[in-house]
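*Asks:* Here's a sequence, model it:
(one chain, ligands or ions: 2)
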Amino acid sequence: MILSVEALTKNFAGLVAVNALSIQVRRNSITALIGPNGAGKTTALNLITGVLRPTAGRVLLKGADITGRSPHSIASNGMTRTYQNLQMFEGMTVLETVMVGAHRVGRSTWLAALLRAPSVVAEEKDLRNRAMAALDRAGVPASYSGRVAAELPYGWQRRVEIARAIASGVDMLLLDEPAAGLNNQESETMAQLICELREGGTTVLLVEHDMNLVMGISDQVIVMNFGQLLSQGTPDQVQNDPAVVEAYLGKGAEAADAVA
Ligand SMILES: Nc1ncnc2c1ncn2[C@@H]1O[C@H](COP(=O)(O)OP(=O)(O)OP(=O)(O)O)[C@@H](O)[C@H]1O
Ligand SMILES: [Mg+2]
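*Replies:* Ligands and ions are numbered 1, 2, ... in the order given. Below is the predicted model of the structure:
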């Protein structure tokens with residue numbers, strides 16, 4: 001297992017957003033974390049990637065306890081994430097945006113950088129090469145590298161965001177709603193990209209509402225409801241689990257009827 005989450009719990013003043021969640025992710029697999037709105041998916045992702053500190057429980061990455069460590073420190077152990085809302089820096093080109101991600105693996109000290117030592121020049125070239133390779137892997141045409149990232153259509157911005165994560169050299173990637181706001185065609189190519197990441201040796205854990213995408217590409221699906229683990233298994237197993245059907249349709253439909 002590349003990732004083990006043990007009894008992870010997060011309380012927000014009176015609300016248990018994540019409640020004793022335990023999950024396992026196999027290396028080189030695609031795992032989807034799904035569940036109704038407010039189920040605790042984003043909070044779980046934040047706990048796993050060090051954006052939030054858990055109230056209780058542990059997160060193990062490749063056997064190492066990373067609980068409570070910073071996102072930066074966790075990235076240096078090989079795991080990073082993208083965000084539900086895009087994080088494009090104002091005015092930065094596509095290439096610069098991805099180089100920021102690649103910089104994490106750069107080694108020069110700030111003093112060497114200040115003095116423009118030859119090692120820094122070589123490193124910048126190396127960063128640039130790594131960034132271009134990551135863009136290529138994320139399916140972004142090289143001709144886009146000089147364009148302002150924030151001005152690209154939404155679907156391309158998502159790919160740039162993934163390229164930035166790839167450039168940081170991690171072997172595990174967490175994606176929060178990579179298909180949100182994409183049309184059918186775009187979400188199909190996103191599904192293809194995620195499969196290519198797995199083929200290239202990256203383990204993917206994604207939170208996603210697009211069920212076609214989730215059921216089409218996942219090796220494992222984990223379902224959360226009210227902060228807890230509701231079901232897990234292959235796409236087939238999960239889709240045929242009555243508890244899942246009820247969480248998505250039964251109670252929701254009744255509640256929707258009651259409101260209507
Ligand atoms: N910082 C916070 N402070 C207080 N409550 C929070 C905070 N973040 C999330 N919550 C609450 O925790 C619960 C889980 O939220 P979370 O955002 O993790 O759900 P989600 O499964 O990602 O939902 P969605 O599908 O809508 O993105 C919700 O009830 C939410 O209101
Ligand atoms: Mg969310």
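*Asks:* going forward, measure contacts between C-alpha atoms and count neighbours the same way
*Replies:* OK.
*Asks:* Contacts only, for V170.
*Replies:* A75, S76, N77, G78, M79, T80, T202 (C-alpha atoms under 8 Å, 6 or more residues apart in numbering).
*Asks:* What are the phi and psi values at it?
*Replies:* Main-chain torsions, V170, degrees, to the nearest 10: phi -80, psi 160.
*Asks:* Likewise for the one 10 residues further on?
*Replies:* Reported as degrees, to the nearest 10, the phi and psi values for A180 are phi -60, psi 130.
*Asks:* so what's it scoring on pLDDT?
*Replies:* In the prediction, the pLDDT value recorded for A180 is 89.
*Asks:* any idea how far it is from V245?
*Replies:* In this structure, A180 and V245 are 22 Å apart, going by C-alpha to C-alpha, to the nearest Å.
*Asks:* Quickly name whichever of the contacts of V170 is closest to ligand 1.
*Replies:* T80 (17.5 Å; C-alpha to the nearest ligand atom).
*Asks:* Is that closest one in contact with A167, as I believe?
*Replies:* No. T80 sits out of contact with A167 when judged by C-alpha atoms under 8 Å, with a separation of 10.6 Å.
*Asks:* So if I had to pick from these two, which one is more boxed in?
*Replies:* More neighbours surround A167 than the other of T80 and A167, with 27 against 24 (other C-alpha atoms under 10 Å).
*Asks:* For that one, list the residues it contacts.
*Replies:* The neighbourhood of A167, defined by C-alpha under 8 Å, 6+ apart, consists of V98, M99, G101, A102, R130, A131, A133, A134.
*Asks:* And for the second one, the neighbour number?
*Replies:* Read that as M99. Other residues close to M99 by other C-alpha under 10 Å number 24.
*Asks:* What of the fourth one?
*Replies:* In terms of burial, A102 registers 25 neighbours under the definition other C-alpha under 10 Å.
*Asks:* Report pLDDT for G252.
*Replies:* In the prediction, the pLDDT value recorded for G252 is 50.
*Asks:* Around ligand 1, which positions in the chain sit nearby?
*Replies:* Of all the residues in the chain, those in contact range of ligand 1 (C-alpha under 6 Å from any ligand atom) are F12, A17, P36, N37, G38, A39, G40, K41, T42, T43.
*Asks:* Identify those among those that sit within strands.
*Replies:* Using DSSP state E, the subset of the residues of the chain next to ligand 1 located in strands is F12, A17.
*Asks:* Just among the residues of the chain next to ligand 1, which is most surrounded?
*Replies:* Per-residue neighbour counts (other C-alpha under 10 Å) across the residues of the chain next to ligand 1 peak at K41, which has 26 neighbours.
*Asks:* how about A191, what does it touch?
*Replies:* The contact partners of A191, taken as C-alpha under 8 Å, 6+ apart, are L213, I217.
*Asks:* got the residue ranges for the helices in the chain?
*Replies:* Assigned by DSSP state H, the chain shows helices spanning 41-48, 71-76, 94-102, 110-114, 118-137, 154-167, 184-199, 211-217, 235-239, 242-245, 251-259.
*Asks:* Distance to Y144 for those helices - can I get that in a markdown table?
*Replies:* What follows is those, written out as a markdown table (distance: least, C-alpha to C-alpha, whole Å):
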| stretch | distance to Y144 |
| --- | --- |
| helix 41-48 | 30 |
| helix 71-76 | 26 |
| helix 94-102 | 7 |
| helix 110-114 | 27 |
| helix 118-137 | 9 |
| helix 154-167 | 9 |
| helix 184-199 | 17 |
| helix 211-217 | 26 |
| helix 235-239 | 36 |
| helix 242-245 | 42 |
| helix 251-259 | 43 |
